[in-house]
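Asks: A predicted structure for the sequence below; I have some questions about it.
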Amino acid sequence: MAKKYSNKINKIRSFALSLVFIGFIIMYFGIFFKSHPIVMTLFMILGLLAIIASTLVYFWIGMLSTKAVQVVCPNCNKPTKILGRVDMCMYCREPLTVDPNLVGKEFDEKYNKKQN
Ligand SMILES: [Zn+2]
């Protein structure tokens, strides 16, 4: 089985982490514009905004985690969280569903977009 999808919460978490790095990289580039204080300030503000955005994303993950359904993965027996109707196990990336109608069907992220 192709396991190209990853757990949503993990995906958002790595996105937030990359935002922190991007923020620091932007701020680092600001140092090269020491002779142009306005450009340097602009870089610093942009970098700071990226870091603030990542903080907001982390906050959002916290909110999502409380809404996610906690289940024990049948494949690796570890507790994982499902967001939406179909999601991946955080540990072994086994596709999991909370919708009994989808059990046994091939995993597809588009199930999450369908509304009942
Ligand atoms: Zn698992």
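Replies: Nice, thanks for sending it over.

Asks: OK, contacts around the residue positioned nearest the centre of the chain?
Replies: Most central in the chain under Cα atoms, centre = their mean is residue 12, positioned 0.7 Å from the mean C-alpha point. Residues in contact with residue 12 (Cβ atoms under 8 Å, 6 or more residues apart in numbering) are 57, 60-61, 64. Backbone N, C-alpha and C define where each C-beta goes, glycine included.

Asks: so which of these belong to strands?
Replies: Counting by DSSP state E, these place none of their members in strands.

Asks: now, of those residues, which are buried?
Replies: Buried positions within the contacts of residue 12, assessed by neighbour count (16 or more other Cβ atoms under 10 Å), are 57, 61.

Asks: now the residue lying farthest from the centre of the chain, what's its secondary structure?
Replies: Distance to the chain centre peaks in the chain at residue 35, reaching 37.7 Å (criterion: Cα atoms, centre = their mean). With DSSP: H, G, I helix; E, B strand; the rest coil as the basis, residue 35 sits in coil.

Asks: against residue 14, how distant is it?
Replies: Residue 35 sits 36 Å away from residue 14, going by Cβ to Cβ, to the nearest Å.

Asks: apart from its chain neighbours, what residue comes closest to residue 69?
Replies: Residue nearest to residue 69 in three dimensions, not counting chain neighbours: residue 82, with 4.7 Å by Cβ to Cβ, 6 or more residues apart in numbering.

Asks: what is the neighbour count of that neighbour?
Replies: As a burial measure, residue 82 scores 22 neighbours (other Cβ atoms under 10 Å).

Asks: equivalent analysis for residue 13, please.
Replies: Neighbour number of residue 13 under other Cβ under 10 Å is 16.

Asks: using PDB, list the CA coordinates for the helix or strand hosting it.
Replies: Using DSSP states H and E, residue 13 sits in helix 8-30. Extracted in PDB, the C-alpha atoms of helix 8-30 (Å, rounded to 0.1, in the frame of the first residue of the first chain):
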ATOM      1  CA  LYS A   8      -2.500  15.900   9.600                       C
ATOM      2  CA  ILE A   9      -1.500  17.100  13.100                       C
ATOM      3  CA  ASN A  10       2.100  16.100  12.400                       C
ATOM      4  CA  LYS A  11       2.000  17.800   9.000                       C
ATOM      5  CA  ILE A  12       0.700  21.100  10.500                       C
ATOM      6  CA  ARG A  13       3.300  20.800  13.300                       C
ATOM      7  CA  SER A  14       6.200  20.400  10.800                       C
ATOM      8  CA  PHE A  15       4.800  23.400   8.900                       C
ATOM      9  CA  ALA A  16       4.900  25.500  12.100                       C
ATOM     10  CA  LEU A  17       8.400  24.400  12.700                       C
ATOM     11  CA  SER A  18       9.500  25.300   9.200                       C
ATOM     12  CA  LEU A  19       7.900  28.800   9.700                       C
ATOM     13  CA  VAL A  20      10.200  29.300  12.700                       C
ATOM     14  CA  PHE A  21      13.200  28.400  10.600                       C
ATOM     15  CA  ILE A  22      12.100  30.600   7.800                       C
ATOM     16  CA  GLY A  23      11.600  33.500  10.200                       C
ATOM     17  CA  PHE A  24      15.100  33.100  11.500                       C
ATOM     18  CA  ILE A  25      16.600  32.900   8.000                       C
ATOM     19  CA  ILE A  26      14.700  36.100   7.000                       C
ATOM     20  CA  MET A  27      16.100  37.800  10.100                       C
ATOM     21  CA  TYR A  28      19.600  36.500   9.300                       C
ATOM     22  CA  PHE A  29      19.400  38.000   5.800                       C
ATOM     23  CA  GLY A  30      18.600  41.300   7.400                       C
END
